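**Q** here is a sequence with its predicted model. Questions after.
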Amino acid sequence: VQLVESGGGLVQPGGSLRLSCAASGFRLTYYAVGWFRQAPGKGREAVSCISMGDNMTFYADNVKGRFTVFRDNERKTVYLQMNNLQTEDTAVYYCAGGPWALLLDSEYNSWGQGTQVTVSS
């Protein structure tokens, strides 16, 4: 069971990035997926999550209206579209799989290795 994130990089404030989360060893379609991030010197923070089945989505207050999480079941991938990025969004972003779509990292049992997102002018 393995999750792999991709799509991170360097972007200027106000720019956009799309992160991808793909799975090997299991069908991501049957899992809730959460996105989390960790900035230097800070704890891990929940960003967003999407449930399995009905694909309900949830967002942390500080990303609402800027980030969108969605699935492509055909490609077995979950995406995090990030718009209007700000310097405070700089962090390593992780995706995680679990049974429930909750903004709580303890509810997830499969994690990716992370992808760096840097927002800087």
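**A** Here it is on my side, so go on. Numbers count the residues shown, from 1 in each chain.

**Q** flag every buried residue along stretch 23-33.
**A** Neighbour counts over stretch 23-33 (16 or more other Cβ atoms under 10 Å) mark 23, 28-29, 31-33 as buried. No exception for glycine: its C-beta is placed from N, CA and C like everyone else's.

**Q** which residues touch residue 88?
**A** 39, 62, 119 (Cβ atoms under 8 Å, 6 or more residues apart in numbering).

**Q** can you confirm it is in a helix?
**A** Yes. Assigned with DSSP: H, G, I helix; E, B strand; the rest coil, residue 88 falls within a helix.

**Q** tell me the bridge partners for the residue positioned nearest the centre of the chain.
**A** Geometric centre of the chain, nearest residue: residue 35, 2.9 Å, by Cα atoms, centre = their mean. Beta-bridge pairing for residue 35 (DSSP bridges): residue 48, residue 95.
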